[in-house]
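Trainee: Quick one, what's the 3D model for this:
(chains A and B)
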Protein chains: 2
Amino acid sequence: MDRETVLFANEAFYRAFADRDVAAMDALWAREAPVACIHPGWGLLDGREAVMESWRGILGSGSAPAIRCRRARAFILGDAAFVTCFEAVGADMLIATNVFVRERSGWKMVHHQAGPTAERPGDDEAPAPDRVH
Amino acid sequence: MDRETVLFANEAFYRAFADRDVAAMDALWAREAPVACIHPGWGLLDGREAVMESWRGILGSGSAPAIRCRRARAFILGDAAFVTCFEAVGADMLIATNVFVRERSGWKMVHHQAGPTAERPGDDEAPAPDRVH
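Mentor: This next block holds a predicted model:
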């Protein structure tokens, strides 16, 4: 149950990212717990204000490439959790860690780090050619 | 209190790394909680066996460069926590997320991701030239 809801929260993050939805992005980050973020190649962003300012910049940029999450895996640690996944960003492949915490309003993101990977997620989640539904 | 003990656990990780101490590295990873690891440029290592196999390879390699942790910051999430820090690895600068969980034997590592950063940690933690102790 926790695994599914955490993966759902992780999907909401990538949906907000892909949709350039600043309000949705703001809503999915924690309000009570401390938050941080490490964008690819960046240093540390420490605190909600710095993190959300970065997202407003990234999501508001017309040149931001499409992003798609692949092979998400959830690791539950009681009232906290982390998810690992690949991020297909334009022609690049990144790999990410997303940390979540259970707040009164549900699982909320407290940390994101993404960086380059030489590995490719493979096609194990792609539908087979003859799969009809 | 939690912040100090989590930062101490984070220091133990970098001490084991710098000392090439496989036994110490094994001891500081969680036994009960699920663990994972993303080395720089790698894909996901999922589970204690895969993670420890990777550390035996890295720590056993004679060519592994020195590593030093800089500007560690702890974020406490109840019985879980994450630490961010820079890693000076030879001439390269990386930035890392380390996730910990409170087990019966103390704070244990459950996840590590490191990747490149263009930022430098600065000299705010370097001892002043006239500092004598």
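
Trainee: Over in chain A, which residue gets nearest chain B? Let me know.
Mentor: Using CB to the nearest CB, the single residue of chain A nearest to chain B is residue A:115, 2.4 Å away. In this view, the C-beta of every residue, glycine as well, is placed from N, C-alpha and C.

Trainee: How about that residue, nearest residue that isn't a chain neighbour?
Mentor: Closest residue in space to residue A:115, ignoring its immediate chain neighbours: residue B:115 at 2.4 Å, by CB to CB, 6 or more residues apart in numbering or on different chains.

Trainee: what do you get for residue A:75?
Mentor: In space, residue A:75 is closest to residue B:34, 4.6 Å off (CB to CB, 6+ apart).

Trainee: residues touching that neighbour, list them.
Mentor: Neighbouring residues of residue B:34 by CB atoms under 8 Å, 6 or more residues apart in numbering or on different chains: A:75-76, B:47, B:110.

Trainee: Flag every residue of chain A that's near chain B.
Mentor: Listed as neighbours of chain B in chain A under the rule CB under 8 Å from any CB of the partner chain: A:33-36, A:38, A:40-44, A:46, A:71, A:73, A:75-80, A:82, A:84, A:86, A:95, A:97, A:99, A:101, A:110-111, A:113-119, A:121.

Trainee: Buried subset of the residues you listed as a ChimeraX selection?
Mentor: Of the residues of chain A next to chain B, the buried ones can be selected in ChimeraX as follows, counting by 16 or more other CB atoms under 10 Å in any protein chain shown:
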select /A:33,34,35,36,38,40,42,43,44,46,75,76,77,79,80,82,84,86,95,97,99,101,110,111,113,114,115,117,121
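
Trainee: Name the SS class of residue A:114, please.
Mentor: strand (DSSP: H, G, I helix; E, B strand; the rest coil).

Trainee: which residue packs closest to it, ignoring adjacent ones?
Mentor: Using CB to CB, 6+ apart, the nearest residue to residue A:114 is residue A:96, at 4.0 Å.

Trainee: hang on, the one you found packs against residue A:82?
Mentor: No: the pair residue A:96 / residue A:82 is not scored as a contact, 10.1 Å apart, by CB atoms under 8 Å.

Trainee: Is residue A:75 in contact with residue B:30, as I believe?
Mentor: No: using CB under 8 Å, residue A:75 and residue B:30 do not qualify as a contacting pair, with a distance of 10.3 Å.

Trainee: State the distance from the residue nearest to residue A:115 to residue A:4.
Mentor: 28 Å (CB to CB, to the nearest Å).

Trainee: And for residue A:118?
Mentor: Distance from residue A:118 to residue A:4, by CB to CB: 30 Å.

Trainee: other SSEs contacting the lengthiest helix in chain A?
Mentor: In chain A, with assignment by DSSP state H, the single longest helix is helix A:2-19. With contacts taken as 3 or more CB pairs under 8 Å, 6 or more residues apart in numbering or on different chains; DSSP states H and E, helix A:2-19 sits against helix A:22-28, strand A:67-77, strand A:80-89, strand A:92-103, strand A:106-116.

Trainee: Let me have the ones you listed in JSON lines, extended by mean pLDDT.
Mentor: JSON lines is the format used below for these (pLDDT from 0 to 100):
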{"stretch": "helix A:22-28", "mean pLDDT": "98"}
{"stretch": "strand A:67-77", "mean pLDDT": "97"}
{"stretch": "strand A:80-89", "mean pLDDT": "98"}
{"stretch": "strand A:92-103", "mean pLDDT": "97"}
{"stretch": "strand A:106-116", "mean pLDDT": "98"}
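
Trainee: Take those and lay them out in a markdown table including distance to residue B:26.
Mentor: Converted to a markdown table, the helices and strands packed on helix A:2-19 look like this (distance: least, CB to CB, whole Å):
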| stretch | distance to residue B:26 |
| --- | --- |
| helix A:22-28 | 36 |
| strand A:67-77 | 19 |
| strand A:80-89 | 21 |
| strand A:92-103 | 22 |
| strand A:106-116 | 24 |
